[in-house]
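1. coordinates for the following, if possible.
(5 chains)
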Amino acid sequence: MAGSMSMGSDVVAVLPEVLLLVGALVALVGGSFTPREQQWRVRLVTVAALVASAVAAGFGLASPAGPVFSGTYDVDTATGVVRLVVASSTLLVIGLGVEEVAGHRQESETYALLLLSSTGAVVLGGAADLLVLVVAFLLGSIPLYALVGQARTGAAAEGAMKTYLLGALLGIVLMAGVTVLLGVGGGEAGYAGLTAALAGAPAGAVAAGAVAVLVGLMFKAGGVPGHFWVPDAAQGASVTAAAFLTTVPKVGALVAVFRLVEAMPAAVDVQLVVAVLAVASMTLGNLAALGQTAVRRLLGWSTVSQVGYLLLPVAVVGRTDLAEPALLFYLAAYAVTNLTAFAVVAALPGRESLEDYRGLGRAHPCLAGALLVSLLGLLGTPPTSVFLGKLLVATAAWDGGAGWLAVVLVVNTVASLGYYLRWCAPALTFATPVDRSPTVRRWAFQAATLGGVSSILILIVVSR
Amino acid sequence: MTPPLALLLLVLGPAVVGVVLALAGTTAGPRGRAVADRAAFPVAVATAAAALGLAALVAAGRPSAQAPFLAGAPLGLGVDGLSAVVVPAVAAVVLLVLVFAWADVREGRARFAGLMLLFTAAVSLTATATTLPALLLAWEVMGAASYALVGFWWREDRRVSAGTTAFVTTRAGDLGLYVALAGAVGGGLLGGGSSTGMGLALADLAALPPGWRDVVAAGVLVAALGKAAQLPFSWWLSRAMEGPSPVSALLHSAAMVAMGGYLLLRVEPLLAATGWAATAAAWVGALTAVALGVVALAQRDLKQLLAASTSAQLGFVVLAAGVGAVTGGTAQLVAHAAVKALLFLVAGAWLTALGTKQLAGLRGAAGIWPVVGGAAAMGALALAGVPPFALWTTKDAVLHVALETSPALYAVGLLGAALSAAYAGKVLVVVFRRAKGGEEVEDVVEHWDGEEQGTREVPRLAQAPLVVLAVAALGLAVLGLPPEVRLLAGVLGQDPAAAGAGAVELVVSGVVAVAALAAVVVLVRAERLPEPAWARAWLGLGAATDAVVRWVLALAERAARADDALGRGAVGLARGVVGTAGAAGSADDRLDAGVRGLAGRADGLAGVATRADDGVDRTVHGVAAGTKRLGGLARRAQTGQLHDYYAQLVVVLGAAAVGLVLYVSLR
Amino acid sequence: MLSLVIFLPLVAAVVLAVARGLPDAVARWAWVGVALVEVLLVGVLWARYETPAAGTLAFDEQVEWIPGLGASYHLGLDGLSLPLMALTAVVFAACAVYALRESTRPRSQAALFCFLQTTCLGLFAAADLIVFFLFFDLSIVGMYFAIAGWGHGNAQKSALQFFLYTFLGSLGLLLGFIGLYVASGTFDMVALAADPPLVGTGVTGGLVLAAVLVGLAVKTPTVPFHTWLPPAHTDAPAVGSAVLAGVLLKMGTYGFVRIAMPMLPDAWRSFAWVVIAVGVVSVVWGALVALAQTDLKRMVAYTSVNHMGYVVVAVGAAGVVGGSAEEARALAVTGAVTQMVSHGLITGALFLLAGVLHRRTGTYEMSRFGGLAGRAPRYAALFAVAAFASLGLPGFSGFVAEVQVFAGSIAAVPWTAVALVGILLTAALFLRALQRLLTGERGPASAAFADVRGSELVAVAPLLVLATLIGVLPRPLLEVVEPASRAVVALVAR
Amino acid sequence: MSLAFNELSSVVLETPLPDLSVLRGVAVTALGVVAVVTGALVFRVDSMARATYLLAASFVAVGAAVVALHLDYVGVVVVLMMLMEMAVMGVFMVMLMGMNPALMPMSMVHSGRRALAAAGTSFVVLTVGILLVDWPTRPDAPPSDPGATTYSLGDALMGDHMLVMMVVSPVMLATIVAGVVLAQAHGRYERLGDDLRGTSRQGGRR
Amino acid sequence: MTLEVVLVLAAALFSVGLYGALSQQVVVMVMMGLELMLNGVVLAAAGFWWFTAPDPSLQVLLVVVLAAMTVEMAMGFAVALLLHRTSGADMTDMAAELKQ
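-> Presented below is the predicted three-dimensional model:
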């Protein structure tokens, strides 16, 4: 039992994950004894868990522990960033969802589910072992189905159904892939030994297995071909859930894809498949978003395209040193920016179509500013951090010998201009505002402001 | 006052005073404008007088000065023999014309005086420029000032158009100077040539290496021919007659047009060095002298006649530059300036008084104001080249050298001289032939006030310059007479022995002039002087210019339409990207309309552009529609049906797996 | 110091944007104040400026930023950028004064233009490609709102078109920057110019240059990427047009001399003929199309295509190294930079004057005017001066620029003389415009036309005075530019 | 349930299998075929109840095959869990969705041909792949002691693969929470009131 | 018996399950298809364990797969119930409002 010797230190190394889990348990148990009007306490617990997790992650990031749990889990910079981004994103999600969730009959369950899914996303990002990958996939996905369906409307149920069925199928594909990889690799599951174990294995089988695992992970990443649920769920679910599911799972999944591709032997050119899926995602997402009029559906498609951009550095894994920093930075920037957009949506309940945002600049200049920052950010314009992310990603692609991917990214960015501006332009004209809901949700409003500001600040501070 | 300072003042003084007056005359309030108008002419005349004094000073002192301008190419000014003669002459004419204008111009006096002074400054700079940048600068300002002066009466569209024609035509020639400047740069004159140490100096042009030298010579030649209204640029001078008469007297006799000839005289060594440029100049000059002589003879409008005659007379100057007769050319230039200024002022005086410049209306006009009539007679006789008046000797000083170069040139030149006598004779006969009987008088008077309301008086102030100029028209004949012409040659730094006309030529030309004059007198009295329409219409130059302008404007229209289509195409693309079906539909409609409209007009050069744009349109249209379709397709895949999602997913998964397996195995 | 100059307007913009209760008059005057302070500060910079040694910048400021990418917050000035900084300050000051009479949301407008000023100043001072790009894109965003928010006519559509085009261009630029980075490992402009990557790589260098050129060509704009310009100008507010034409267009041409030429000398030399051809076509096409316009603002917009074409011709000719003297090429580049400044001043003035027309009558249609010289002599005088300055009359800055451009270009590449047709066509079109607007019979829109008033005069006149000063005494400007253009020419010739 | 599990597994574990590889091969193959056939019949029968039984049969066959491959523990778990699951499914259909599984004939298939083609293609592709790949072979002899196998599983779960099990537990938790959240018709506030004292039923928000 | 035979049988199970997942309308029936696919995975994993991999990790995988089967099934019931409650639907194509 070599593992048990270091058990204590291992658990300390995964303190941020443990804190999330503990938070989930406390929220769940505590929530069932808390009167409806006192649920803010549960929220406080959740926030405390997230903040504690983020702080622990920060300390962990300062001195990464390396592989733990017999090498099945990696506590390195990437994991640290995933922990930080997931924790802060979930915080932002809770912030933007305060009004929507508060007083809901399952408020505490919502927080528990958010925390559980966050844990899943983090573990997915840190997994350095195919088996851990599988269970992390499950941990991340299952709460997601509940979050989507929780609104209990027809659309929410439909979204949950689609999410579930796609998640189940792709989970099976993932497990099939893992089975093949374990089978041909002599049962080696840890990434550290996988490269060597697979190097001598039949390349065809390895390729098939790797593609299956990759495609399975695409469910969580929301990229082609696992993207189908994203727009439907984003539209059908509550704003809080939509904001969460278009952001947090991706963070873990993309880092997981990164690690997986890194572990595959050089003879099996998985990068090529990643590149193809990246191009497919960004192109499909952008083209489909062009014609949307419902804001949340538009954002859903937009995230599909963003996953395409995020896959670019993965497509050049091992060919440039820039791939990892590019991916991590873009992830962080994307998470903040995307959540800002959702926060604006959350702050203005009842505005479903682009037309409803006409004249927003006049009625709520601050929100309009946040919307502008987030949409320009998703577009990739300075001074938002996604600009730098996009730059890094394109640079990494070019540097990794895939300059054509950078060109595809640029062409796609041009196409995306169409729908981002179609939202932005009427919102920021000085036309007479369409005042569908005179009330602005305060917490969501503040989340939007915070997101907008930090989306810019990340560029200046973090990139130092 | 040191000569260099005098030189600077000669240029800057009138410029500054001119700008101040012009601005005061336009932008000051009504009361300020009234004050400016009252003060304008005293100030202007004083400035002109001072300029004349300064001109004399610099002519004596021969200073030079330079101001840094471009890297290695300063603005150089300097007075040499040639400018020492021309600058005072121009200054004198300016002074006289301004005095006349004092009496003649009645509205916008400050603006007028200011622009005239500005123009004077430009001419002084042109005449004293020793580097190409200085020359080009002055040259173009001169053109702009002429635009403002020709279009002085801006309420009438045709006068402004005339100014536009003048400016654009002369600028077309000016492009030559730009080329010349570039050629000098290309030839390595930036930063200083061999002889002067000053960048892009005019004096160094002749020493350029052959290729660039030819470029420079061609450029200068075109620029000079344009300003001097030589063939084929002559038409603008006809249009310029829309300007006030004092303007014609200064710009279109002594100064601007003359500067074209002057420039050629100045760069004569360059022309000679290339060989071909000198020959070309000589022939263009000679042919202009003949062709525009015919045109002048056919005119029925006094100012038009004088304008054509100006071109013709400057033809002799250009001829002089071509054959190397710098002395004769200079003499011709100065003498013509005096004579033509006189004649234009006379025409202006009559125009102001009688309201007409039609010859039919000026019949017997010489008798009404004797001083004016006398001056007119002196001027016309001088223009005719009749002994002992000015142009007789100076023209022969040119022809004498031409004969040495080529008898054919001499013969053509002599024909030109005969024609000058003829049109001058026509003027003489008309203005001195009193109308007899009531019917004829009525015919004449009917023309009065045809162009403006006549004042029926010629003020004393307006008559004074005429007297001075008339004296000059006689006195300047000495410039071409053997002893004095040698003196002039000495001043100009030319070989005195080669200067001046031979006695034989003087006699021949005198006889020819008198004969032609006599013949015209007879013909006019018999009313059988031919006035062919083609000659009256300035050889069709006007029609040709109009055709060119129309063609350019049509081309511009086509280009604009093509450009709009290009823009629409781009908008279509943008809309396609945005992809909203409705918007894209309307963009399509507009695109279609654009394509149809363009296709309907595809002809000529613009047709080619149009067709190209048509292609661009189609492509853009295609891309836009394609993007739109793709957007629809992308969304169609999202059917909402789970089993479709599953099917697509399986296909993608299978394709990816099989693809990679094949790729990996077959590699 | 440099950062202060750049970010002072941004601070003002934030304050103006946040202070919702600020009275309009205070906002207007605050903008004027900031703009004048900027003029003063840039004046101080100019006074303290000394030509930096080769390969260095004056007022150099560098702070570490994204070290992993070899990018930093790096600013500095040289003879290419200082004049454009000064131009920016002056044009914005003129706009601020002009806008004193604007009534539509003056506070927001002041904030927006202060923001725009920061982007423009920052771009010209940027010594790092990322910083450059940052300001480049922000200027697009700012101008989009300037057109969409304060424009007239079909402002939304024109603004969108402007954004689409220039954003597309900026992405091309970004691709090019990435190419430069990948080849060199740094985004620092000084380092890239000192040791240009991609030398001798043929296709790659060409592709990177092509990407950069497309980006710059859209912004400049050259034919055939210019079609966004006329609608943008036609529908933009006067101050927006003045800034767009006066300053923003220079970003494209500045990029040529600052980025494309020194950093890709090899490719630039190989493809100089393309640049020249595009320039010549822009010159002739822009002038020709302008000649046919009946809308004054569209006409001026097309003359911008023409005028920027001269710059492109010049920088292209400077890349033809064989068989021409270095002095000639340096002259061309000096001319190009001078033309940028000159065009900024003159076209800024012309657009403000066009704005006066619109303010009074709501139209730019020249046929509706006529005989304005009688009703509004001051307006007529200003317009005439601006027109003559724009057509390149000596005594104005345009002449100084064009004569250098032509002398240098034709001496280096004789067939660029074709572009001379441009100055003839410009002369014709401006004289036609003068005739239609100012002279002849009084048109329907001229009837009750009030002459220019205090703030309008104060806004326009200094621009023209500066254009005249440069035209008469060009040395102070040229002495700053010449060392820099010689350096650029030397870098291209490597 | 745990009692039944223990008994059953001990029975299976104590029954020695004949160590004849041919027999094992035949058994595994036959069980596999049974699993495939019963699996295929799941979608051929016309009532959900039968489908459920057939699916259970398929699982049992596979479980048995797994046991035959000396993975006794896992195989037994497969059998037991799947039987339980099918029972739950039956209950679910009858109790919660109001379907009478025995009485409701059904044919609820769409685009069957497309599905058939996809499944057929996938089978062909997989088979071709399986046959073409040069599969590696284990270096040592196949395991002979099921007990050692089970021990090694336990060892792995408690050792190198501990994290897997550590994560599986929150997965279970999440499943419970998520399942309850989705399935619960009335929350605690509907049942017990907003203050959870079971006194005032305020109807609640949402 | 060889590994290929086991794998082919597993592939057959997988494909049959796939057919079910693709063709069935009722959510629960789709789930059955998915379970069958997993069934194939189980068989394949066992085969691999026997023929190629002495490592216990394949056993762990089997345990994980079983856990996944269970939890996915549980979630499937929950989702089906939710769908039934909110829209009275038990078929996937009755819930296809969200599209394009």
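
2. C-terminal to the helix or strand hosting residue D:34, what's the next element?
-> Here residue D:34, judged by DSSP states H and E, is contained in helix D:21-42. The C-terminal neighbour of helix D:21-42 among helices and strands, as given by DSSP H and E, is helix D:48-68.

3. do that next one and chain A meet at all?
-> No - Helix D:48-68 is not in contact with chain A by C-beta under 8 Å from any C-beta of the partner chain; minimum separation 13.2 Å. Bear in mind the C-beta positions are built from the backbone N, C-alpha and C, glycine included.

4. just checking, which helix or strand succeeds that helix along the chain?
-> Moving toward the C-terminus from helix D:48-68, the next element (DSSP H and E) is helix D:72-91.

5. give me the residue from chain E nearest chain B.
-> Closest contact between chain E and chain B, by C-beta to the nearest C-beta, is at residue E:99 (2.7 Å).

6. ok, residue B:293 to chain C distance?
-> Per C-beta to the nearest C-beta, to the nearest Å, residue B:293 is found 30 Å from chain C.

7. ugh, wrong one, I meant residue B:229
-> From residue B:229 across to chain C, the span is 18 Å (C-beta to the nearest C-beta).

8. quick check: that residue is in a strand.
-> No - counting by DSSP: H, G, I helix; E, B strand; the rest coil, residue B:229 falls outside a strand, being coil.

9. what is the orientation angle of the biggest helix by length in chain E with helix D:48-68?
-> Secondary structure assigned by DSSP state H gives helix E:57-87 as the longest helix of chain E. Helix E:57-87 runs at 170 degrees relative to helix D:48-68, counting by axes from the mean of the first three to the mean of the last three C-alpha atoms, to 10 degrees.

10. report the closest residue of chain D relative to chain B.
-> Minimum separation of chain D from chain B (C-beta to the nearest C-beta) falls at residue D:118, amounting to 5.5 Å.

11. who touches that residue in this structure?
-> Residues near residue D:118 by C-beta atoms under 8 Å, 6 or more residues apart in numbering or on different chains: B:647, B:650, B:651, E:18, E:19, E:22.

12. buried ones among the residues you listed?
-> B:647, B:650, E:18, E:19, E:22 (16 or more other C-beta atoms under 10 Å in any protein chain shown).

13. tell me, which of the residues you listed make contact with chain D?
-> Contacts with chain D are made by B:647, B:650, E:18, E:19, E:22 out of these, judged by C-beta under 8 Å from any C-beta.

14. just confirm the third one is within a helix.
-> Yes - counting by three-state DSSP, one finds residue E:18 located in a helix.

15. go ahead and confirm it touches residue D:122.
-> Yes - with contact defined as C-beta atoms under 8 Å, residue E:18 and residue D:122 form a contacting pair (5.7 Å).

16. would you mark the buried spots in stretch C:452-462?
-> Within stretch C:452-462, the residues that qualify as buried are C:452, C:455, C:456, C:457, C:458, C:459, C:460, C:461, C:462, counting by 16+ other C-beta under 10 Å.

17. so what's the second one closest to, chain neighbours aside?
-> Which is residue C:455. Among residues not flanking residue C:455 along the chain, residue C:100 sits closest, at 4.4 Å (C-beta to C-beta, 6 or more residues apart in numbering or on different chains).

18. contact partners for that neighbour?
-> C:28, C:29, C:32, C:455.

19. point out where the chain drops to low pLDDT.
-> You didn't pick a chain, so chain A it is. Applying pLDDT under 70 to chain A flags the ranges A:1-7, A:430-438, A:462-464.

20. not what I meant, chain D
-> In the predicted model, chain D carries pLDDT under 70 at residues D:1-20, D:94-111, D:198-206.

21. can I see the domain layout of it?
-> What automatic domain parsing lists as the domains of chain D is D:1-110, D:146-206.

22. pick out the residue of the stretch 151-300 of chain C closest to chain D.
-> For the stretch 151-300 of chain C, C-beta to the nearest C-beta, closest residue to chain D: residue C:182, 38.4 Å.

23. that residue sits in which helix or strand?
-> helix C:155-184.

24. pLDDT of that helix, averaged?
-> The average pLDDT within helix C:155-184 is 88.

25. and the next helix or strand past that helix?
-> Moving toward the C-terminus from helix C:155-184, the next helix or strand (DSSP H and E) is helix C:189-194.

26. quick check: buried residues in that next one?
-> Buried residues in helix C:189-194, counted by 16+ other C-beta under 10 Å: C:189, C:190, C:191, C:192, C:193.
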